[in-house]
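Undergrad: Pasting a predicted model and its sequence here:
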Amino acid sequence: MAPQPSISEGLVTRPMVILFAVLLSLPLWIEAVGLYQYLGIEIAVWMIYALGFNLLLGYTGLPSFGHGAYFGVGAYAFGLVQLRLIESLWLGLAAGILAAMAAGALVAGLISHRRGIYYALMTIACAQVFWFVAVKWHSVTGGEDGLLNVARPALSFGILSASLRGNTALYYLAVAILGLTVVGLWRFVHSRFGKALQAIKQNEMRAGFVGYNVWLYKFLVFTLSAGIAGLAGSLFAMAQKSAYPDVMSLHSAGLVVMMTLIGGGFVSFWGPVVGTAVFFLARDLLGAFTETWLLWYGLMFMGIVLFKPEGVVGAWQDLVRRRRTAGATKETGSLSHHRG
Amino acid sequence: MAHVEPLFVASHLHKRFGHQVVLEEINLAFRQGEVSGIMGPNGAGKTTCFNVLTGRYKPDRGQVRFDGEDITGLPPRAIARKGISRSFQLINLFNDYTALENILIALPEVRDRGFNMTQSLSQDSAAMDKAAAVLRQVGLAGKERESSKMLSYGDRRALEIAVALAPEPRILFLDEPTSGMGTQATVRLAELLTDLKHRYTMVIIEHDMKFLFELADRISVIHWGQVIAEGSPAELRANKWVQASNLGKLA
């Protein structure tokens, strides 16, 4: 199933308002419910990452199982700018996005003629190359330790400047960038480009026969998705004040796939957002009770794949639909009553 | 009178898969404004021939010319962009899209601005109107918002043709449009194609001989990877090759 537009295709929709009402008020209550400020940053960063990732998996049907590579490239690029060049937020973010896009374009150029399992395997192989380079190229990447003491540069607009050293300040920056990402991607998936991607997902051959350059679309969406992963990676480097090879591992790349699937990226734009929230809440809430939380999370994942492959949002959509049908039946019932 | 090259010409096409020679020596010409039929027994190479003509396969030898231009071996997307459109024997739609979206995505004005990443497609009312008009043309008015996979088989067949019609092609290839359809639906389709006949140059592969003989101006019979007979329906009825094969009996 292609992700269906929910309710409206406007610039700002109701789910967006709800999401940002929750996120913007989060620093006020997160500690009261026993969690901590930093968690918010992680959630916002991974939401950006997962939303970008779902352009491939949910919208174009391209299984990229090595997306951590581009997240990592973004993190390293951001770190290198701060450590070697200049402490600058904008330059760091730009470098993170562009470096990840370049890496993504390189890989996309090699794999865009493929699909299905071959595509998936090639994304994994390419990601392993990036991971290997990150581990071995000590002079640039710092090897297994990674880049340490990456600065959190100030947010500056000309003479106005705000420190991002505190987690709350950085959190608001991450949420602002998430906001731009959400609004931008919502536009994107309803644009001609987004609709063409969904057509390619449904029937790559027919898309070619009605004149679409399928290869180019696949190439561009991969590059774009890698760029968004790089943006998330840059923010992650700021959050962690470091960049390290771990985020490029297959394990880390698998997490974003799981988040997207659990949330329901196949059926909804919001799937990755919901899935990211579920993951971090599971980690911190289940993790408070047991060290083996990942086992329970894994079982939940299996359960969803087996019984509700459309994920959390898919289950929600079913519920809404059922209530609506029930409501409609009631209405028809009363109508026929009138008629009678 | 000066010799005018037909709109679409295939000459000396040869195609094989491994040791299996499927097209031995195919020569076909389709003239502007005509309906050309292709018939032949199962496995004669009709669909392979279509696939070579529309870019799915490259021929091993031979040439395909459209409007005086060599298009041999071009990929399907390039051939489509020249105004050559096709439908498929097995229904080949965008299944999660509504009937309307299937047409929208096939409109050249949507496709040619396909890299636009900001304007919402559903706000392009000109394109929406045009897509609705295409659906009306094939008798799918009122079903615009229905998911294409929920449509009846006959409606899906009509949509299959509509997707090929959407770009207003200069030549339309239809691969067994009646495949799997009942009598009534076939009659409906014949009416539709008779209606389209005045506006489009068409090439139709068909098993249903009655259907084809009523519709086509010229028919080519393919067998053993070659064109074994050619002519108007009346000429073919008299052809001993056609009479000798099973094909003639139905006609």
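TA: Happy to help now that I have it.
Undergrad: ok, residue A:254 to residue A:261 distance?
TA: Distance from residue A:254 to residue A:261, counting by Cβ to Cβ, to the nearest Å: 10 Å. Using the backbone N, CA and C atoms, a C-beta is placed for each residue, glycine as well.
Undergrad: More neighbours: which of those two?
TA: For residue A:254 versus residue A:261, neighbours defined as other Cβ atoms under 10 Å in any protein chain shown are more numerous around residue A:261 (23 against 14).
Undergrad: before we move on, which element is that one in?
TA: Element membership of residue A:261, judged by DSSP states H and E, is helix A:250-263.
Undergrad: Could you do residue B:12 as well?
TA: Assigned by DSSP H and E, residue B:12 falls in strand B:8-17.
Undergrad: average pLDDT for that strand?
TA: In this model, strand B:8-17 has a mean pLDDT of 94.
Undergrad: so how far is that strand from its chain's centroid?
TA: Strand B:8-17 sits 17 Å away from the centroid of its parent chain (Cα atoms, centre = their mean, to the nearest Å).
Undergrad: Packing partners of that strand?
TA: Where contact means 3 or more Cβ pairs under 8 Å, 6 or more residues apart in numbering or on different chains; DSSP states H and E, strand B:8-17 is packed against strand B:20-30, helix B:46-53, strand B:61-66.
Undergrad: and the second one with strand B:20-30, angle?
TA: Angle between the axes of helix B:46-53 and strand B:20-30 is 70 degrees (criterion: axes from the mean of the first three to the mean of the last three Cα atoms, to 10 degrees).
Undergrad: what residues does helix B:46-53 touch?
TA: For helix B:46-53, contacts defined as Cβ atoms under 8 Å, 6 or more residues apart in numbering or on different chains pick out B:8, B:10, B:13, B:15, B:22-23, B:26, B:28, B:38-40, B:57-59, B:64, B:86, B:89, B:173, B:175, B:205, B:222.
Undergrad: Now do the contacts for residue B:79.
TA: Contact analysis of residue B:79 by Cβ under 8 Å, 6+ apart lists B:54, B:55, B:66, B:71.
Undergrad: Out of these, which are close to chain A?
TA: Intersecting the contacts of residue B:79 with the contacts of chain A gives residue B:54 (criterion: Cβ under 8 Å from any Cβ of the partner chain).
Undergrad: I'd like to know which of the contacts of residue B:79 is nearest to chain A.
TA: Set against chain A, the nearest of these by Cβ to the nearest Cβ is residue B:54 (7.1 Å).
Undergrad: for that closest one, what are its contacts?
TA: Neighbouring residues of residue B:54 by Cβ under 8 Å, 6+ apart: A:209, B:76, B:79, B:84, B:86, B:173.
Undergrad: what helix or strand is residue 172 on?
TA: Answering for chain A, as no chain was given. If you go by DSSP H and E, residue A:172 is part of helix A:167-190.
Undergrad: oops, chain B please
TA: strand B:171-175.
Undergrad: Give me the contacts around that strand.
TA: Strand B:171-175 has contacts (Cβ under 8 Å, 6+ apart) with B:7-8, B:30, B:46-47, B:50, B:53-54, B:66, B:83-89, B:161, B:164-165, B:193, B:196, B:200-205.
Undergrad: Run a quick neighbour tally on residue A:309.
TA: 13.
Undergrad: Distance check, it against chain B.
TA: Distance, residue A:309 to chain B, by Cβ to the nearest Cβ, to the nearest Å: 15 Å.
Undergrad: How about that residue: what's its closest non-neighbour residue?
TA: Once flanking residues are discounted, residue A:309 sits nearest to residue A:266: 7.2 Å by Cβ to Cβ, 6 or more residues apart in numbering or on different chains.
Undergrad: same check, this time on residue A:134
TA: Nearest residue to residue A:134 in three dimensions, chain neighbours excluded: residue A:245, at 4.2 Å (Cβ to Cβ, 6+ apart).
Undergrad: go on, residue A:174?
TA: According to Cβ to Cβ, 6+ apart, the nearest residue to residue A:174 is residue A:44 (3.8 Å).
Undergrad: So, low pLDDT: which residues of chain A?
TA: Residue ranges of chain A with pLDDT under 70: A:1-9, A:328-340.
Undergrad: For it, what lies in contact range of chain B?
TA: Within chain A, the positions adjacent to chain B are A:1-2, A:5, A:9, A:187-188, A:190-196, A:198-199, A:202-203, A:205-214, A:217, A:220 by Cβ under 8 Å from any Cβ.
Undergrad: In strands, which of those fall?
TA: Secondary structure from DSSP state E places none of those in strands.
Undergrad: Give the buried subset of those as a PyMOL selection command.
TA: Buried residues within the residues of chain A next to chain B, by 16 or more other Cβ atoms under 10 Å in any protein chain shown, are selected in PyMOL with:
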select buried, chain A and resi 1+2+9+187+188+190+191+192+193+194+195+196+198+199+202+203+206+207+208+209+210+211+212+213+214+217+220
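Undergrad: List the contacts of the residue nearest to residue B:71 when sequence neighbours are not counted.
TA: Leaving aside its sequence neighbours, residue B:71 sits nearest to residue B:64 (Cβ to Cβ, 6+ apart; 5.3 Å). By Cβ under 8 Å, 6+ apart, the residues touching residue B:64 are B:8, B:9, B:10, B:13, B:52, B:53, B:70, B:71, B:72.
Undergrad: could you flag which of these are buried?
TA: Among the contacts of residue B:64, those that count as buried by neighbour count (16+ other Cβ under 10 Å) are B:8, B:9, B:10, B:13, B:52, B:53, B:71, B:72.
Undergrad: Tell me how many other residues surround residue 159.
TA: Answering for chain A, as no chain was given. Counted by other Cβ under 10 Å, the residues lying close to residue A:159 total 5.
Undergrad: could you do chain B instead?
TA: Other residues near residue B:159 come to 25 when the count uses other Cβ under 10 Å.
Undergrad: just residue B:43 next, same as before
TA: Residue B:43 has 12 nearby residues by other Cβ under 10 Å.
Undergrad: give me the element it is part of.
TA: Applying DSSP H and E, one finds residue B:43 in no helix or strand.
Undergrad: for it, phi and psi?
TA: phi 80, psi 10 (degrees, to the nearest 10).
Undergrad: Equivalent analysis for residue B:203, please.
TA: Per-residue torsions, residue B:203: phi -130, psi 120 (degrees, to the nearest 10).
Undergrad: who touches the spatially most central residue of chain A in this structure?
TA: For chain A, the residue nearest the mean C-alpha position is residue A:50 (1.3 Å; Cα atoms, centre = their mean). Counting by Cβ under 8 Å, 6+ apart, residue A:50 makes contact with A:256, A:259, A:260, A:263, A:265, A:272, A:273, A:275, A:276.
Undergrad: out of these, who's nearest residue B:241?
TA: The shortest approach to residue B:241 among the contacts of residue A:50 belongs to residue A:265, at 57.8 Å (Cβ to Cβ).
Undergrad: which two of the contacts of residue B:54 lie the greatest distance from each other?
TA: Distance extremes for these: the farthest pair is B:76 and B:173 at 11.5 Å, using Cβ to Cβ.
Undergrad: between those two, which one's more packed in?
TA: Between residue B:76 and residue B:173, counting by other Cβ under 10 Å, residue B:173 is the more crowded of the two (25 against 22).
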